[in-house]
Structures are given as C-alpha cells and as structure tokens.
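Trainee: show me how the following folds:
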Amino acid sequence: MILDAHDNLQRYQGLFHGVDPAPLFAWLVADCRAVEPGAKVEFAGDQLFAKVLRQDTGAREAFRWETHREYIDLQFILGGGEIIEWQSASKLSPGVAYDEATDLQFYAPAQAEILLPLHDGLFVFLFPEDAHKPLVGDGTNTFVHKVIAKIHRSLLVV
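Mentor: Got it, this is the predicted structure:
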C-alpha cells in the first residue's frame, strides 16, 4: 500500500514499465473532475483504465473485505470522504471463491489492522496483498467521490 497526496502523484511514474502513466496522471490532476460518475476512461485498453465513482458510505458491517489478483487499485479521492480499512490478505480467510471475471476475492469478516481516513487531496495504491474494505463512513461525509484506476500488475515493477 502507498498512501500519499495528489501533489506527489508524479513521484510514482517510476513504478510503471511497459506503459507511460503520464496521460493517466495528467487526467487525474486536471480533467477527471469533469467526468460523470459511472464513466470509464481507457488509457491502455483493459491493462490501464479508470472509473469515476460517487458512492454512499456507511457502517463497516455493510461492506466486505476484498482483494484483486490481476489489478492494482489507484484510488484517487475527489470529494467527500471515507475510511478504507486495511489488513494483510494473508491474515484473512476467503469468504467465497475468487471471481476471475471481476477480479474480486471477498473475505470473511475480520478486524482491521489500519484505518485509512481518505478525503479530497489523497490517493492510495492498493496491491494484491492489500485486503481493503472501502466505503466505511468517516463520521463526517455521507459519500465519497473518487476515481479508481485499475492497473494490470504486469505494468508495475513492484
């Protein structure tokens, strides 16, 4: 997991190989706020794309732990706020079988090791070993507006 501020996004260009992240990064910083929630924007086909979301937050019990095997999430917060609960996937028990079509593995309920309060100005990279439970209410905001960039694991050097 990498947590940082929007102003520092350019520092992470070195994580990529086989694709230039500059168009994605420029779009995140300058243009993504103009895109309607629900939209999908492709940068390198199904290898690198982004979805704009505006979702309600709620009680932690309403959401499930998840990981992704093929894609790394870059969650870039635009407005509102949420808490993303984090735990090492190796410490969780799968709740259902991995769904290859959606690249989702859900897990049985468990305690969080870290609570990440996220708001406009922050982003987080979540890797396959980073189990996360998004959309948990932060006590202030009732929604989160964010971009989730999906980066195929073959495009990163980590």
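
Trainee: just the helices in the chain please.
Mentor: 22-30 (DSSP state H).

Trainee: the longest strand in it is where?
Mentor: Counting residues, the longest strand found in the chain (DSSP state E) is strand 71-88.

Trainee: what average pLDDT does that one get?
Mentor: Mean per-residue pLDDT for strand 71-88: 98.

Trainee: likewise stretch 102-111?
Mentor: Stretch 102-111 comes out with an average pLDDT of 97.

Trainee: likewise stretch 134-151?
Mentor: 97.

Trainee: check which residues of that stretch are buried.
Mentor: 134-138, 141, 143-151 (16 or more other CB atoms under 10 Å). To be clear about C-beta, it is placed using only N, CA and C from the backbone, and glycine gets the same treatment.

Trainee: ok so, going back, tell me the angle the longest strand of the chain makes with helix 22-30.
Mentor: Orientation note: strand 71-88 sits at an angle of 60 degrees relative to helix 22-30 (axes from the mean of the first three to the mean of the last three CA atoms, to 10 degrees).

Trainee: so how far is strand 71-88 from its chain's centroid?
Mentor: Offset of strand 71-88 from its chain centre (CA atoms, centre = their mean, to the nearest Å): 5 Å.

Trainee: could you do stretch 113-133 as well?
Mentor: Using CA atoms, centre = their mean, the offset of stretch 113-133 from its chain centre is 7 Å.

Trainee: measure that stretch end to end?
Mentor: In stretch 113-133, first residue to last residue: 11 Å (CA to CA, to the nearest Å).

Trainee: kindly report the same for stretch 43-52.
Mentor: 14 Å.

Trainee: Thr57 contacts Val136, doesn't it?
Mentor: Yes: the criterion here is CB atoms under 8 Å, and Thr57 meets it with Val136 at 6.4 Å.

Trainee: joint contacts of these two?
Mentor: The contact sets of Thr57 and Val136 overlap at 82-83 (CB atoms under 8 Å, 6 or more residues apart in numbering).

Trainee: so what touches stretch 1-9?
Mentor: Contacts for stretch 1-9 (CB under 8 Å, 6+ apart): 11-12, 25, 28-29, 76, 86, 116, 121-127, 130.
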